[in-house]
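**Student:** sharing a model that was predicted from the sequence below.
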Amino acid sequence: MQTYLPLLNAYGGHFANDDWSPGFAGPEGVAALERLFSFIPYMPPGVAAFDTTEETGVMLQGHATAMTEYTGTAHIVDDPSQSKVVGKIDFAATPKQVISGPAIGTFICGIASGAKNTAGAVKFLEWFTSEKVQKEFAGVGSAAVTGTALRDPALSKKFRWLPAIADAVDNSIPKPRTPDEPQMENLLGTQLNEALVEAIQSKSGYTQIAQSHLTTAANQITAYLKQQGGYF
């Protein structure tokens, strides 16, 4: 799912359209999935069962040429205690076909309506996102969240992934802002995984495979959102 979304965005498709209808079952979404399938000859064995841990593992062992991953894993690549590819892997925002569209969540941080100490939570967020603390955070190799820290010349020179994160943030496309988004991801992600398994086994017919599974996912999401009420 997290590999497909940036490709979908890159081809000009949408996870959800402005009217909440699924936007990935059209030509853009099919082309994006076909592009993913085109990498099958270069994928490690068992890739259809991979999650973040497995993806990161093959990269750190030097068994993968590229992957799309969360920003929080970037610093591990240059950690000699965990990586065999220190200094050999570059960092960049996801490539574009029509646009560069890294996917980004919209519930990264917030205060729950039932929080017992709302004022304290606000103070913490103000402290954590302050320029001083964010620069300190970035200064230990972590993925900062403010533009000032991500673009600090001295920090960028020391931690080479920070400019790439800044570029990704600047061009990012948010996921649908709804509590139902995780289930939407689950429905599409399941079909994407089944499509990948089928494509690996078939080694051909990628267009039909992509169209079939994306249409199924779109129908499932539409039915689910109608069941939730209010979206259409």
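**Tutor:** Great, that's in hand.

**Student:** I'd like the next helix or strand past the lowest-mean-pLDDT helix or strand in the chain.
**Tutor:** Taking all helices and strands of the chain together, the one with the lowest average confidence (mean pLDDT, DSSP states H and E) is strand 103-104, at a mean of 88. Sequence-wise, the next helix or strand downstream of strand 103-104 (DSSP states H and E) is helix 118-128.

**Student:** got a list of contacts for the helix or strand containing residue 164?
**Tutor:** Taking DSSP H and E as the definition, residue 164 sits inside helix 162-170. For helix 162-170, the surrounding residues in contact (CB atoms under 8 Å, 6 or more residues apart in numbering) are 71, 74, 91-94, 102, 104, 138, 143-144, 147, 149-152, 155-156. Just so you know, the C-beta spots here come from the backbone N, C-alpha and C atoms, and that holds for glycine as well.

**Student:** any quick PyMOL command for the buried ones out of the residues you listed?
**Tutor:** To isolate the buried subset of the contacts of helix 162-170 in PyMOL, counting by 16 or more other CB atoms under 10 Å, use the following:
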select buried, resi 71+74+91+93+94+102+104+138+143+144+149+150+152+155+156
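
**Student:** one step back: what residues sit buried inside the helix holding residue 164?
**Tutor:** Of the residues in helix 162-170, those buried by neighbour count under the rule 16+ other CB under 10 Å are 162-169.

**Student:** of those, closest to residue 28?
**Tutor:** Distance to residue 28, by CB to CB, is smallest for residue 168 among these, at 20.3 Å.

**Student:** how near is that closest one to residue 183?
**Tutor:** Relative to residue 183, residue 168 is positioned 26 Å away (criterion: CB to CB, to the nearest Å).

**Student:** same question, residue 152
**Tutor:** Taken as CB to CB, the spacing of residue 152 relative to residue 183 amounts to 39 Å.

**Student:** and if you look at residue 138?
**Tutor:** To residue 183, residue 138 is 34 Å away according to CB to CB.

**Student:** and the helices in this protein?
**Tutor:** 4-10, 27-37, 52-60, 118-128, 131-138, 147-150, 153-158, 162-170, 181-202, 206-228 (DSSP state H).
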